[in-house]
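Predicted coordinates and the sequence they were generated for:
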Amino acid sequence: MKKYFLIGITLFIFVSVVYASLGWTCYNYVNGKATGGWISITANTRQEAEAKAVDHYRNELKLRSDYCKCR
């Protein structure tokens, strides 16, 4: 019984780590210059975070955005 319990806990931990998203801090750029301020985005990869950040600046905040850099 203990063996199955330990296997279940181990699987739960590994699955939780795989599906965890990362927090990214993203800055908006217009004409090659940072416009000031930043937003926090949750995504799995940098490319996904940058795409979400550009979408957020353009559609939700209604600001001009040429591109975003996230770290």
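That came through, no problem.

make it CA atoms for all contacts and neighbour counts henceforth
OK.

Assign Ala53 to helix, strand or coil.
helix (DSSP: H, G, I helix; E, B strand; the rest coil).

ok, now the one 4 residues further on?
Secondary structure assignment for Tyr57 (three-state DSSP): helix.

what about it, distance to Lys2?
As judged by CA to CA, to the nearest Å, Tyr57 and Lys2 stand 51 Å apart.

In terms of packing, which of those two has more residues around it?
Remark: of Tyr57 and Lys2, Tyr57 carries more neighbours, 19 against 7, as counted by other CA atoms under 10 Å.

hang on, isn't Tyr57 packed against Leu63?
Yes - counting by CA atoms under 8 Å, Tyr57 does reach Leu63; the two are 5.4 Å apart.

for His23, what are its contacts?
That one is not His; residue 23 is Gly. Listed by CA atoms under 8 Å, 6 or more residues apart in numbering, the contact partners of Gly23 are Ser40, Ile41, Thr42, Ala43.

Tell me the secondary structure of Glu64, please.
Check again: residue 64 is Arg, not Glu. Under three-state DSSP, Arg64 comes out as coil.

For it, which residues are in contact?
Val30, Tyr57, Arg58.

how about the last one, what does it touch?
Remark: with contacts taken as CA under 8 Å, 6+ apart, Arg58 is in contact with Arg64, Ser65.

and it, how far is that from Asn31?
In terms of CA to CA, Arg58 sits 15 Å off from Asn31.

That'll do, ta.
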